[in-house]
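> fold the following.
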Amino acid sequence: MKQPVYILWCLAILLTSCERRPLEDISNTHYIRIYIDENIKNVTTGFYNEDYSRPDYESPYVLRLTLSDPHTGEVKTERYLRDMRHDANGTYYEGYIIAAPGEYTMMAYNFDTRVTRIDNPNNHRSAKAYTNNIPSHIKTKLFSRINQKASESNNEEEKIVFDPDHLFVASCGDLIIAHTDYVDTLKTRDGKFFRASSIVKSYYLQIRIKGMQYVSSAVSLLTGMSGSAWLFNREADNKDNATIYFEMIPGETPSTGLSKASDQEEVILYTTFNTFGKLPDVSSSLDITFDFMTIYGMPYSESIDITDVFETEAAKEHQWLLIDRVIEIPEPPPTQGGGGLSPSVGKFDEIHTEIII
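Numbering: from 1, shown residues only. Down below sits the predicted model:
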């Protein structure tokens, strides 16, 4: 008779000590979906030459989502969106964020950039995208900048930076969140899902070179560019005057399409570079400098004013900078003893460097 009494006693304890609770408190939990615009000129679409090398592109791995105080800009809550999906409207990232009722400013951006950095990430008013200055061991190899003096106007050293990679940003002010006992969906004022687009532009640039067979590497420096951009309003910082550093690629000859050229043939030198934008009110012209290293060990550089090139229809409509100019690389000096060089044009040596974070 003791066993049934013991069982009843255990059941009584279990019934009085148990309390039914929901597995998860869904109050003030909100679903959010953010599409990204992956139609990027000269990166995923709108190529000048389909056969030329193009920048590598992968969809972002993760988005950082923040809800901030609209008055102070201080981040109140955040979430990282890693769940990537696709539908007829494109690639999107989704997830849930917990936020108390109130008014917020929403901002989201991809958190996996290699070169682009974010300054002041915990305040949407001052959050800014930028890139690091090139290190000294690269700058000392730039023939055009070795003996360059400080700027006469502000007595500051020229700021030379890496070109940024693409940063997708979505933002929305005056986001009103009400109290809910269910999972609602955050949307724009007109009832749509949020959409992020890149605050970086990609330009295709090309110029013709004669004597390319004497070149072992080529880099470019473009002045009059903005070195940073504000995230929330997606505008370049017009006070941040910078010079962008990027490498060039040897292409085909304009006449035959061959990748190698004889002594008399011209070769297309091209690249696709990224920028936060050109400064609208630069007092000086937009100059591009090509720094070459020759196979016979002598550097050569040439600067060109391309202010007018930015005003062409190709630049405005397609972001193509087609420089109508031929740069002639000097022939190697004569050698004694009947020796000589047998030059040819191939791929340039790759320049590897660490990016200081």
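> for the stretch 251-357 of the chain, just list every one of the strands.
All strands of the stretch 251-357 of the chain, identified by DSSP state E, counting those that start in this stretch, fall at 266-275, 287-294, 299-305, 320-328.
> if you could redo that for the stretch 101-250 of the chain, that was the one I meant.
Here the stretch 101-250 of the chain has its strands, by DSSP E, counting those that start in this stretch, at 102-110, 117-119, 128-130, 160-162, 168-177, 184-185, 194-198, 201-210, 215-226, 228-230, 241-247, 249-250.
> where in the stretch 201-350 of the chain is pLDDT low?
Residue ranges of the stretch 201-350 of the chain with pLDDT under 70: 253-264, 281-284, 336-350.
> nope, the stretch 51-200 of the chain is what I meant
Ranges of the stretch 51-200 of the chain meeting pLDDT under 70: 147-155.
> same thing but 50
Low-confidence segments of the stretch 51-200 of the chain (pLDDT under 50): 150-153.
> now the helices for the stretch 1-150 of the chain?
Taking DSSP state H, counting those that start in this stretch to define them, one finds helices in the stretch 1-150 of the chain at 2-17, 136-139.
> so which residue is smack in the middle of the protein?
Nearest to the mean C-alpha position of the chain, counting by CA atoms, centre = their mean, stands residue 165 at 2.0 Å.
> partners of the residue lying closest to residue 206 once chain neighbours are set aside in the sheet?
In this structure, residue 206 finds its nearest non-sequential neighbour in residue 270, 4.0 Å apart by CB to CB, 6 or more residues apart in numbering. C-beta: built from backbone N, CA, C; applies to glycine. Beta-bridge partners of residue 270, counted by DSSP bridges, are residue 206, residue 249.
> thought residue 270 was touching residue 209?
No: look at residue 270 against residue 209 with CB atoms under 8 Å: they stay out of range, at 10.1 Å.
> higher neighbour count, the two?
Legend: neighbour count by other CB atoms under 10 Å for residue 270 and residue 209, higher for residue 209 (28 against 21).
> and the more buried one, what does it touch?
Counting by CB atoms under 8 Å, 6 or more residues apart in numbering, residue 209 makes contact with 215, 250, 266-269, 326-329.
> equivalent analysis for residue 90, please.
Shown in contact with residue 90 (CB under 8 Å, 6+ apart): 35-38.
> need the buried ones from those selected in ChimeraX.
One line in ChimeraX is enough to select the buried ones among the contacts of residue 90; burial here means 16 or more other CB atoms under 10 Å:
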select :35,36,38
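> now the contacts of residue 90 as CSV including pLDDT?
Shown next, in CSV, are the contacts of residue 90 (pLDDT from 0 to 100):
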residue, pLDDT
35, 98
36, 98
37, 98
38, 97
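> need the max-distance pair from the contacts of residue 90.
Maximum pairwise distance among these (CB to CB): 9.3 Å, between 35 and 38.
> report the buried residues of stretch 233-251.
234, 236-237, 240-246, 248, 250-251.
> and if you look at stretch 42-54?
42-43, 47-48, 52, 54.
> list just the nearest of those to residue 335.
residue 52 (35.1 Å).
> correct me if wrong: the closest one contacts residue 251.
Yes: with contact defined as CB under 8 Å, residue 52 counts as touching residue 251 (6.0 Å).
> quickly note the distance from the nearest residue to residue 248 once chain neighbours are set aside to residue 42.
Leaving aside its sequence neighbours, residue 248 sits nearest to residue 218 (CB to CB, 6+ apart; 4.1 Å). From residue 218 over to residue 42 the distance is 19 Å, taken as CB to CB, to the nearest Å.
> now do residue 236
When residue 236 is compared with residue 42 (using CB to CB), they lie 18 Å apart.
> repeat that for residue 310.
Distance from residue 310 to residue 42, by CB to CB: 15 Å.
> next one: residue 94
Distance from residue 94 to residue 42, counting by CB to CB: 29 Å.
> next, format the strands of the stretch 101-250 of the chain as JSON lines and append distance to residue 303.
Formatted as JSON lines, the strands of the stretch 101-250 of the chain follow (distance: least, CB to CB, whole Å):
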{"stretch": "strand 102-110", "distance to residue 303": "35"}
{"stretch": "strand 117-119", "distance to residue 303": "29"}
{"stretch": "strand 128-130", "distance to residue 303": "25"}
{"stretch": "strand 160-162", "distance to residue 303": "14"}
{"stretch": "strand 168-177", "distance to residue 303": "34"}
{"stretch": "strand 184-185", "distance to residue 303": "54"}
{"stretch": "strand 194-198", "distance to residue 303": "29"}
{"stretch": "strand 201-210", "distance to residue 303": "12"}
{"stretch": "strand 215-226", "distance to residue 303": "9"}
{"stretch": "strand 228-230", "distance to residue 303": "24"}
{"stretch": "strand 241-247", "distance to residue 303": "12"}
{"stretch": "strand 249-250", "distance to residue 303": "20"}
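> and the ones you listed: which comes nearest residue 298?
Among the strands of the stretch 101-250 of the chain, strand 215-226 comes nearest to residue 298, with 10.5 Å by CB to CB.
> could you list the buried residues of the closest one?
Those would be 215, 217-226, for strand 215-226 by 16+ other CB under 10 Å.
> one more: stretch 292-301?
Buried-residue list, stretch 292-301, by 16+ other CB under 10 Å: 292-295, 300-301.
> repeat for stretch 191-202
For stretch 191-202, by 16+ other CB under 10 Å, it's 193-202.
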